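>>> give me coordinates for this.
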Amino acid sequence: MNIISKYIEQLQVEEIAIDLISKTVSLILLLVLFLIAKRVVNFIFTHAVAKSIALSRQTEARQKTITKLLHNIMNYTLYFFFIYWVLSILGVPVSSLLAGAGLAGVALGLGAQGFLTDVVNGFFILLENQFEVGDSVVIGAVEGNISSVGIRTTQIRGFDGTLHFIPNRNITVVSNKSRGDMRVQIDIPIYAHTDLEKVANIIKTVNQEQLPSFPEIVGSPTILGPRTNSTAQLVFRIDIFVQNGKQSYIYSNFYRLYQEALLENDIHLPTMYANPTLSK
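Numbering: from 1, shown residues only. Down below sits the predicted model:
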């Protein structure tokens, strides 16, 4: 018992308790101040920065991109200082850890290097206007619509609904499908003995009748005529340029219109398993 009593006296329980209470109160006050500061900064950002960007002569998609990027930078800065002050209150020598050598220092250095590379590349993406929120893009093996452009990562929503997070430093080649008009290529399968002139005339008639109903089409469709596709099947090809984002809509409608018109005019169309010798 004497040994335990002496050990407890040496621990200076009162000082430890006072120190714990002091640090707890400091952490609570810091958390309260952080939440207040976050609300104030968000209020200023929403009513000043965001509105200023909205009044600028930028496209709506670019305004969203810049707003999200600046908002991410603001949040990263706030959380960085919050964590720094928490560690300082707990007595962790943050400066020594950051400046120290060894394995931890190397790991931090590599992490900081990757982070800075992400930030720099993110700013160049924004500066060069490579893509904006809502654009349809292909980045590496990922294809979809830009959901968010952050200070460190870019988020892409795939066409199947998957949300992809790509570090900005890994973005090297961007294929943007939302800049300018896009081509819709329609291949109508035909038989070798099909009357090509008759097919062309039917296609022209459909175009003349239907173009006024589809303002998404830019210019006039181009009838390229007979071609062979990647499976060596004979097809009758038509190219239509449309506003970006309308490719699937125009393709499905005009493929249906062409097919119905051809069948109504006794132009038989092959299927994958059709025998061309059985049709006239």
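>>> hey, where'd the strands end up in this structure?
136-139, 142-149, 153-158, 163-167, 174-176, 182-189, 222-228, 234-242 (DSSP state E).
>>> in the fifth one, what's buried?
Within strand 174-176, the residues that qualify as buried are Val174, Asn176, counting by 16 or more other Cβ atoms under 10 Å. The way it works is simple: take the backbone N, C-alpha and C, and place the C-beta from them, glycine included.
>>> for that strand, packing partners?
strand 136-139 (3 or more Cβ pairs under 8 Å, 6 or more residues apart in numbering; DSSP states H and E).
>>> chain center to the strand it packs on, what's the gap?
8 Å (Cα atoms, centre = their mean, to the nearest Å).
>>> go on, stretch 251-258?
With Cα atoms, centre = their mean, you get 30 Å for stretch 251-258.
>>> who wins for proximity to Ile36 among the strands of the chain?
strand 142-149 (26.5 Å; Cβ to Cβ).
>>> partners of the closest one in the sheet?
Strand 142-149 sits in its sheet next to strand 136-139 (antiparallel), strand 153-158 (antiparallel), going by DSSP bridges.
>>> which one of those lies nearest to Leu29?
Minimum separation from Leu29 across the strands paired with strand 142-149 (Cβ to Cβ) falls at strand 153-158, 32.8 Å.
>>> any idea how far Arg256 is from the closest residue to Tyr255 other than its chain neighbours?
Setting aside the residues directly before and after it, Tyr255 is nearest to Ile186 in space (Cβ to Cβ, 6 or more residues apart in numbering), at 5.5 Å. Computed with Cβ to Cβ, to the nearest Å, the distance linking Ile186 and Arg256 is 10 Å.
>>> neighbour-wise, which of these two wins?
Higher neighbour count among Ile186 and Arg256: Ile186, with 21 against 10, using other Cβ atoms under 10 Å.
>>> quick check: that one touching Asn253?
No: assessed by Cβ atoms under 8 Å, Ile186 is found out of contact with Asn253, at 10.3 Å.
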